[in-house]
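J.: Task: produce atomic coordinates for the following.
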Amino acid sequence: MDTISHASAPREVSRQQHAWLRTEVVGWRDAGIIDDVQAAAISDRYRPVSGSAASVLGRIMLLLGGGFVGVGLIWLVAANLDDLSPTARFVTVAALWLAVLIGGEVLAARRASAPLVGGIRLLAALGFGALIMQAAQSLQVPAYEPMLVGLWSLGAMLHAHLTRSVMPFLVGLGTGIQWWIWQPLWTDGTAMMGAVLSLGAGAIVAASLAVLCDGWARSFAWWWRLTAAALALAALFVAAIPGLYDGFDWSLWLGLELGAALVLTAAAVALTVRRSDRAWIEPVGALAVLIVAALLALWDVDTDVRDVGFDQWAHAALSIIAYVALAVGLLALDVLRQHRAISWIAMAALVTFTTFQSFAVFVPIVTGAWLFVVLGVVFLGTGTLVDRARRRVARSLDPVTGQGTDEGAQR
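T.: A predicted model of the protein is given here:
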């Protein structure tokens, strides 16, 4: 076993994981499960990830450098590069993008520093956006068309999946979310209901893709889960705002988004059934959130804060109950998937949502300084209850450790 332990370089794990492993190895050795040689061999196979200030600063500088250069390229396109003809502008931007794209993969093939490769790939993903905008200018396409952002996202996602790189993936994810929400609202005048359906469908798609990415691209799955949580929370938040519903007309893009959500949900459920796990709960849960959000959005209540009626109280109460249920579900997902970022975003969203709803309920009743006192109590109470709920869920679902890790965020 000692020979095996030195056959390859030690694998880097988070400091929390390394500390847990050392504790477990000592326990196994004391229980007689392994001897001293085997304990040393196991410990030598892992090392904590480097987290010195210099290395962290270096990574930040490389990523910032790639980001600034990418934004600069897009800015140059926005300035139209007036000294060049449209064809020359497009060729110049395309040449710069290809040089950065190929250069990043050459560095990756030569096993260059991971932050350096990530920074170059980030620059290539941003440069592709500049290429899209320049092509649109050459073809006299308006720069404010949402389809351009969609094409940018598609190219960045293709780059990310071909190279298994997180930086292009994040560019594609950010631009993709923007396009997903913007495109149906671009053609549909009923903004509120369209936004609710688009956000809810986006949560379903993200949750389904997280399940589909498990096992072959865990870093992508980590970000898809975080996106699904954020979009689900946003959909329910918007749906709970009273008085914004003003009718609804179906649009082609909303239909396509809902259709894509259902297809991906079916694919994710079929895959999890074949794997005999319960990950199907994630896309199905997101579908349930969409249904609840749509019903809340359709519930038209009076918005006159001078006379709060039963329907307003009921709407606010049911909205809070639904939001608490979603937050608790996300806390459980954090424990099961070891995804601490989901808990943080769920707690922050729940406290913000409860405080927002409190304004609708308490403003007509109390005023002045007492209003701030009441809202402060609601804020503190909600935060305390959510934190206690997370700890209880953690103990019930993971009695050994009661806590998760942020492994995906370090990839």
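J.: going forward, measure contacts between C-alpha atoms and count neighbours the same way
T.: OK.
J.: mind giving me the domain ranges of this protein?
T.: Domain assignment of the chain by automatic domain parsing yields the ranges 2-46, 53-187, 188-411.
J.: Include mean neighbour count and mean pLDDT when you put those into CSV, please.
T.: Shown next, in CSV, are the domains of the chain (neighbours: other CA atoms under 10 Å; pLDDT from 0 to 100):
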stretch, mean neighbour count, mean pLDDT
domain 2-46, 14, 74
domain 53-187, 18, 79
domain 188-411, 19, 76
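J.: Return the distance of residue 288 relative to residue 205.
T.: 13 Å (CA to CA, to the nearest Å).
J.: typo on my end, residue 213
T.: 12 Å.
J.: Not counting stretch 283-291 itself, show me its contacts.
T.: Stretch 283-291 is contacted from outside by 196-197, 200-201, 203-205, 207-208, 228, 232, 235-236, 265, 268-269, 326, using CA atoms under 8 Å, 6 or more residues apart in numbering.
J.: Please save the CA atoms from that stretch in PDB.
T.: Provided in PDB are the C-alpha atoms of stretch 283-291 (Å, rounded to 0.1, in the frame of the first residue of the first chain):
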ATOM      1  CA  PRO A 283     -36.200  19.200 -11.200                       C
ATOM      2  CA  VAL A 284     -39.600  18.000 -10.000                       C
ATOM      3  CA  GLY A 285     -39.300  20.300  -7.000                       C
ATOM      4  CA  ALA A 286     -38.500  23.200  -9.400                       C
ATOM      5  CA  LEU A 287     -41.600  22.300 -11.400                       C
ATOM      6  CA  ALA A 288     -43.600  22.500  -8.200                       C
ATOM      7  CA  VAL A 289     -42.200  26.000  -7.500                       C
ATOM      8  CA  LEU A 290     -43.200  27.100 -11.000                       C
ATOM      9  CA  ILE A 291     -46.800  26.000 -10.400                       C
END
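J.: Give me the spatial nearest neighbour of residue 36, chain neighbours excluded.
T.: residue 29 (6.8 Å; CA to CA, 6 or more residues apart in numbering).
J.: Next one: residue 250 relative to residue 200, how far apart?
T.: Between residue 250 and residue 200 the computed distance is 15 Å (CA to CA).
J.: for residue 269, that is, sorry about that
T.: For residue 269, the distance to residue 200 (CA to CA) stands at 18 Å.
J.: Could you do residue 186 as well?
T.: According to CA to CA, residue 186 and residue 200 sit 17 Å apart.
J.: Let me see the contact set for residue 261.
T.: Contacts of residue 261 by CA under 8 Å, 6+ apart are 201, 202, 204, 205.
J.: what are the phi and psi angles of residue 277?
T.: phi -130, psi 180 (degrees, to the nearest 10).
J.: need the contact list for it.
T.: No contacts exist for residue 277 under CA under 8 Å, 6+ apart.
J.: run the last query once more with 10 Å
T.: 269, 271 (CA atoms under 10 Å, 6 or more residues apart in numbering).
J.: Likewise for the one 3 residues further on?
T.: By CA under 10 Å, 6+ apart, the contact list for residue 280 reads 207, 208, 211, 265, 266, 267, 268, 269, 270, 271, 272, 273.
J.: go with 7 Å
T.: Residue 280 makes contacts with 268, 269, 272, as judged by CA atoms under 7 Å, 6 or more residues apart in numbering.
J.: Can you list phi and psi of the residue nearest to the second one when sequence neighbours are not counted for me?
T.: The one in question is residue 269. What sits nearest to residue 269 in space, not counting adjacent residues and going by CA to CA, 6+ apart, is residue 280, at 4.8 Å. As for residue 280, its main-chain torsions (degrees, to the nearest 10) stand at phi -60, psi -20.
J.: Distance check, residue 280 against residue 144.
T.: Residue 280 is 38 Å from residue 144, where distance means CA to CA.
J.: got it, and residue 170?
T.: The spacing between residue 170 and residue 144, counted by CA to CA, is 22 Å.
J.: now residue 340
T.: Residue 340 sits 36 Å away from residue 144, going by CA to CA.
J.: Repeat that for residue 250.
T.: Taking CA to CA, one finds residue 250 at 23 Å from residue 144.
J.: who touches the residue nearest to residue 36 in this structure?
T.: Going by CA under 7 Å, 6+ apart, residue 29 touches 35, 36, 39.
J.: I'd say the last one and residue 23 touch.
T.: So the one you mean is residue 39. No: using CA atoms under 7 Å, residue 39 makes no contact with residue 23, being 10.9 Å away.
J.: Excluding chain neighbours, what is closest to residue 264?
T.: residue 208 (5.8 Å).
J.: The one you found contacts residue 268, correct?
T.: Yes: under the criterion of CA under 7 Å, residue 208 makes contact with residue 268 at 5.5 Å.
J.: TSV please, covering the contacts of residue 29 and showing secondary structure.
T.: Compiled in TSV, the contacts of residue 29 are given as follows (DSSP: H, G, I helix; E, B strand; the rest coil):
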residue	secondary structure
35	coil
36	helix
39	helix
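J.: which one of the contacts of residue 261 is nearest residue 107?
T.: Distances from residue 107 to the contacts of residue 261, taken as CA to CA, are shortest for residue 205 (33.5 Å).
J.: right, and that closest one touches residue 262 too?
T.: No: with contacts counted by CA under 7 Å, residue 205 stays clear of residue 262, the gap being 8.2 Å.
J.: quick one, helices of the stretch 101-250 of the chain?
T.: For the stretch 101-250 of the chain, applying DSSP state H, counting those that start in this stretch gives helices covering 114-138, 146-163, 166-187, 191-213, 218-239.
J.: List the contacts of residue 350.
T.: 323, 324, 327.
J.: can you redo those residues as TSV with secondary structure and distance to residue 351?
T.: What follows is the contacts of residue 350, written out as TSV (DSSP: H, G, I helix; E, B strand; the rest coil; distance: CA to CA, whole Å):
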residue	secondary structure	distance to residue 351
323	helix	10
324	helix	10
327	helix	10
